[in-house]
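*Asks:* What follows is a predicted protein model with its sequence.
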Amino acid sequence: QVQLVESGGGLVQAGGSLRLSCAASGRTFSSHSMGWFRQAPGKAREFVASIILSGGSTFYADSVKGRFAISRDSAQNTVYLQMNSLKPDDTADYYCAASQVVLGSAVWRYWGQGTQVTVSS
């Protein structure tokens, strides 16, 4: 089992910045990658960014490329999402997730409880 706890959400004006944190505990060594997803009111959950824990390769949704950056602190078992140039469309609940390899494919298996980000115009 892997437990994930997000923090850092809040209210920010358009153009501002926030940094989300995701602290992982439990069997973190079994994780393949960690990522961030978001869900806006009335919309489906969508992928935001991810990082492969071995090697550090990162991936981003087109909508956040150049504005968001995902990083990790292996010693602290923490993943961060630095969000810059925020837009009202970034308003959502943000969820941290951890994946494991199942039958050769990475599956997002563990989820945090979410942290709310509101960007005012």
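*Replies:* Alright, I've got the coordinates. Residues are numbered from 1 along each chain as shown.
*Asks:* distance of Gly112 from Phe47?
*Replies:* Plainly put, Gly112 is 15 Å away from Phe47 if you go by C-beta to C-beta, to the nearest Å. C-beta: built from backbone N, CA, C; applies to glycine.
*Asks:* Comparing the two, which residue is more hemmed in?
*Replies:* Gly112 (22 against 16; other C-beta atoms under 10 Å).
*Asks:* Which positions are bridged to the residue nearest the centre of the chain in the beta structure?
*Replies:* Note on the chain: the residue nearest the mean C-alpha position is Trp36, at 2.1 Å, using C-alpha atoms, centre = their mean. Beta bridges link Trp36 to Ala49, Cys96, judged by DSSP bridges.
*Asks:* List the buried residues for the helix or strand where Ser21 lies?
*Replies:* If you go by DSSP states H and E, Ser21 is part of strand 18-26. By 16 or more other C-beta atoms under 10 Å, the buried positions in strand 18-26 come out as 18, 20-24.
*Asks:* With stretch 27-39 instead?
*Replies:* 28, 31-38.
*Asks:* now that stretch: mean pLDDT?
*Replies:* Stretch 27-39 shows a mean pLDDT of 89.
*Asks:* Pull the residues that contact it.
*Replies:* Contact partners of stretch 27-39, identified using C-beta atoms under 8 Å, 6 or more residues apart in numbering, comprise 1-2, 20, 22, 24, 45-54, 59, 70, 72, 77, 79, 81, 90, 92-101, 106, 108, 110, 114, 117.
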